[in-house]
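Q: Model the following, please.
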Amino acid sequence: MIDQDILYSECPCGSGKKFKFCCYPSIRDDLPRDPTRADVTDAIRMRSRATRLAELTAKSGVLDLDRFHELIGRGLRHLHSGRYREAESVLLQAKDEFGMLPTPYNNLALCALVQGNLKEAEKWVQEVVRKFPTENPFGLAMYADIRYLKGDVVGALDVIDRAEQITPPSVDQAVRVCESMAHFKDHERIVRYAEKSGYTDDPNMAFFLGIALANLGRYDEAARYLRFAVRGTQPDYAARILDDVTAGRRPQTICGDWMYFTPNSFTLFAGLMKSVKDGGGQQVDLSSEALAEMVEVETNAGLITDSEAIKILSKSLTKRAEQMLNALRSDASRPARVRKATEKVYAELFADNDLGKRLRSMPDGQIQNMIITEEAATHAPLDPAYEESYCKAVRICLDLSSTKSELKEALRLLEDLHAKVPDDPAVSNNYASALARLGRVEEAEAIIRECFAHHPEYVFGAANYLMHLMVAGKMDEARAMIENYRLPQRIHPDAYLSWLRVEMRYYDMIGDAMRLRNVKRSMDLVSKQFKR
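A: Residues are numbered from 1 along each chain as shown. Next up is the predicted model:
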């Protein structure tokens, strides 16, 4: 029998869906008894390779590579020149003729991204990762960037893990993976990947390797690779860092490290930032993490003032924002008014509230306590056949004016769903809510307790359980839960706000005014950031 954690984890094919609702039906017969996650990944790879081989054979025994390279080259020339419509037209033609290869999809995604059209880019990335899940690190790196831009930092790192395991078929693909890694400033990881790739003699790979080595204090090695990098796509910037390294100078940046990105870099990041600032293409609501990175790049380049940087960082509840604000307020070379303004924002966001403590407790380079993101799932997805009944029942339960007969109807629907999917925490939680609304409190509490025991990651259920403890007068158990419960790595803002509301009720009941204010402040910040 397959483990439930594997069944409901993200599918290794890269679609972003749960494995049960993605590739599981098609490879079920290929799996051994009691399969591991590695067995699942291997089965998907074998099926993917067989499918692509059949497609290639059916399409053509011999690919016209001259035609392929001509189309891709023409599309990229248009893209680099800012002629996006022409680029898209040529790349669509390449996809129609060479859809059995990932390159046209990768570049269509890039074309959409540099125009600020995140939705279109995500469409192309999902398609290319679905069709080419194991031999396309470029596509996986793009997928990681989209997750990062949308706020799913942990998910982005998971995808980079997968890209890192693939032997890159070309230097362009390897460099693209380094770009995705660079957002997280994991210098040692970039060094390991670059050396393993076999492309360290390429100027563009040497650029990332040289900066990573410089940030690790390995100046002699860094200088050797930066001398290669001056022949690449960012010669002036590489030369500037080379001068610093050979002279033994430290970088003059906000956070005291050499950046991988500049405003003039032609990368996914820089292209998207330019599009957003210029107002071209579709406007994108960037995640707080990406917003903070943009501020760091722009401030280091002198393109925005300290005051502008502080204003933008005040809207970014991330560790990167905390580090930059802390650096600005501690920098004696900056005017007193700047340090005073930064100190005020830092105190409001990070000094004494619960969110600030969580952010500061994270180890450098790791996001492991909590990420608030719109993309985080709040429960395992239901089978589409159950969705209508579930939504109808939840609407009745949430409506405080629902009649007793309506609540009984909701209870009947949820009871039926609970029998069919007893392991779904959202169904169990709402089933218990319906029971409680009808006065069957003891039954409701038993279900909620069991739901929390099996699914502590389901934050709505955790909040519901804590509330039941408080209503039942079990304040010792409630205090123990407040002190010991750890929020999951990724959390939806609605789920976080649900937990904070109950925390606030708890502190109000025990008369802890200071913590009550801190939780209320966290609620206000998250509500404002996510427009709740």
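Q: Now do the helices in the stretch 101-250 of the chain.
A: 103-114, 118-131, 137-149, 153-164, 171-182, 187-197, 203-215, 219-229, 235-247 (DSSP state H, counting those that start in this stretch).
Q: Let me know the angle separating the fourth one from helix 187-197.
A: Put plainly, it is helix 153-164. Angle between the axes of helix 153-164 and helix 187-197 is 20 degrees (criterion: axes from the mean of the first three to the mean of the last three Cα atoms, to 10 degrees).
Q: Just the buried residues of helix 153-164, please?
A: Residues 153-157, 159-160, 162-164 are the ones in helix 153-164 that count as buried (16 or more other Cβ atoms under 10 Å). (Each C-beta comes from the backbone N, C-alpha and C, glycine too.)
Q: those strands in the chain, which residues are they?
A: 371-372, 490-491 (DSSP state E).
Q: What is the burial count for residue 385?
A: Look at residue 385: counted by other Cβ atoms under 10 Å, it has 8 neighbours.
Q: just to revisit the earlier point, between the strands of the chain, which gets the lowest average pLDDT?
A: In terms of mean pLDDT, the lowest-scoring of the strands of the chain is strand 371-372 (a mean of 56).
Q: low-confidence ranges in the stretch 301-450 of the chain?
A: 317, 351-383 (pLDDT under 70).
Q: show me where it has helices.
A: 306-313, 319-330, 336-346, 354-360, 384-398, 404-420, 425-437, 441-454.
Q: hang on, the earlier thing: and the helices of the stretch 101-250 of the chain: which comes nearest residue 345?
A: helix 153-164 (22.0 Å; Cβ to Cβ).
Q: Measure how that closest one sits relative to helix 118-131, angle-wise.
A: Angle of helix 153-164 versus helix 118-131, following the same axes, to 10 degrees, is 40 degrees.
Q: packing partners for helix 153-164?
A: Helices and strands touching helix 153-164, by 3 or more Cβ pairs under 8 Å, 6 or more residues apart in numbering; DSSP states H and E, are helix 137-149, helix 171-182.
Q: Let me have those helices in JSON lines, extended by mean neighbour count, mean pLDDT and distance to residue 488.
A: Compiled in JSON lines, the helices and strands packed on helix 153-164 are given as follows (neighbours: other Cβ atoms under 10 Å; pLDDT from 0 to 100; distance: least, Cβ to Cβ, whole Å):
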{"stretch": "helix 137-149", "mean neighbour count": "28", "mean pLDDT": "88", "distance to residue 488": "16"}
{"stretch": "helix 171-182", "mean neighbour count": "23", "mean pLDDT": "92", "distance to residue 488": "23"}
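Q: still on that earlier bit, which of the buried residues of helix 153-164 has the weakest pLDDT?
A: residue 154 (69).
Q: got TSV for the helices and strands packed on helix 153-164, with distance to residue 69 too?
A: Shown next, in TSV, are those (distance: least, Cβ to Cβ, whole Å):
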stretch	distance to residue 69
helix 137-149	16
helix 171-182	13
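Q: Go through those helices and name the closest to residue 129.
A: Judging the helices and strands packed on helix 153-164 by Cβ to Cβ, what sits closest to residue 129 is helix 137-149, at 5.2 Å.
Q: Run the chain-centre distance for that closest one.
A: Here helix 137-149 is found 9 Å from its chain centre; the criterion is Cα atoms, centre = their mean, to the nearest Å.
Q: State the phi and psi torsions of the residue nearest the centre of the chain.
A: For the chain, the residue sitting closest to the mean C-alpha position, by Cα atoms, centre = their mean, is residue 152 at 1.8 Å. With angles defined as degrees, to the nearest 10, residue 152 sits at phi -90, psi 80.
Q: hmm, back to that, quick check, nearest of the buried residues of helix 153-164 to residue 125?
A: Closest approach to residue 125 among the buried residues of helix 153-164 (Cβ to Cβ): residue 159, at 10.0 Å.
Q: Quick check: closest non-adjacent residue to that closest one.
A: residue 144 (4.0 Å; Cβ to Cβ, 6 or more residues apart in numbering).
Q: quick one: the one you found and residue 180 touch, right?
A: Yes - with contact defined as Cβ atoms under 8 Å, residue 144 and residue 180 form a contacting pair (4.6 Å).
Q: Give me the common contacts of those two.
A: 156, 160, 163 (Cβ atoms under 8 Å, 6 or more residues apart in numbering).
Q: which residues does the first one contact?
A: Meaning residue 156. 144-145, 147-148, 180, 183.
Q: From residue 467, how far off is it?
A: To residue 467, residue 156 is 33 Å away according to Cβ to Cβ, to the nearest Å.
Q: thinking again about what came up before, now for the helices of the stretch 301-450 of the chain, which one comes closest to residue 512?
A: Of the helices of the stretch 301-450 of the chain, the one closest to residue 512 (Cβ to Cβ) turns out to be helix 354-360, at 12.2 Å.
Q: residues near residue 415, how many?
A: Residues near residue 415, counting by other Cβ under 10 Å: 14.
Q: which residues does the spatially closest residue to it that is not a sequence neighbour contact?
A: In space, and not counting its chain neighbours, residue 415 is closest to residue 431: 6.4 Å by Cβ to Cβ, 6+ apart. Residue 431 makes contacts with 411, 414-415, 417-418, 447, as judged by Cβ under 8 Å, 6+ apart.
Q: In PyMOL, how would I select the buried members of those residues?
A: Command for PyMOL that selects the buried part of the contacts of residue 431, burial taken from 16+ other Cβ under 10 Å:
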select buried, resi 411+414+417+418+447
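Q: how far away is the nearest residue in space to residue 194 that is not next to it in sequence from residue 493?
A: Nearest residue to residue 194 in three dimensions, chain neighbours excluded: residue 209, at 4.2 Å (Cβ to Cβ, 6+ apart). Note on residue 209: its distance to residue 493, by Cβ to Cβ, is 38 Å.
Q: Show me the domain layout of this structure.
A: Here the chain is described, according to automatic domain parsing, as comprising the domains 4-59, 376-455, 456-532.
Q: And these: which comes nearest residue 109?
A: Closest to residue 109 of these, according to Cβ to Cβ: domain 4-59, at 12.9 Å.
Q: picking that back up, looking at residue 209 and residue 493, which one has more neighbours?
A: Ranked by neighbour count (other Cβ under 10 Å), residue 209 and residue 493 place residue 209 first, with 28 against 19.
Q: Residue 224 versus the residue nearest to residue 194, what's the distance?
A: Counting by Cβ to Cβ, the gap from residue 209 to residue 224 is 10 Å.
Q: what touches both of these two?
A: With Cβ under 8 Å, 6+ apart, residue 209 and residue 224 have no common neighbours.
Q: give me the number of residues near residue 78?
A: Residue 78 is flanked by 19 other residues according to other Cβ under 10 Å.
Q: For it, give me its contacts.
A: Counting by Cβ under 8 Å, 6+ apart, residue 78 touches 84, 86-87, 90.
Q: Quick check, pLDDT for it.
A: Here the pLDDT value assigned to residue 78 is 91.
Q: Would you quantify the distance from it to residue 418?
A: Distance from residue 78 to residue 418, by Cβ to Cβ: 55 Å.
Q: Same check on residue 74?
A: 58 Å.
Q: same deal with residue 16?
A: Counting by Cβ to Cβ, the gap from residue 16 to residue 418 is 27 Å.
Q: same check, this time on residue 264
A: Counting by Cβ to Cβ, the gap from residue 264 to residue 418 is 57 Å.
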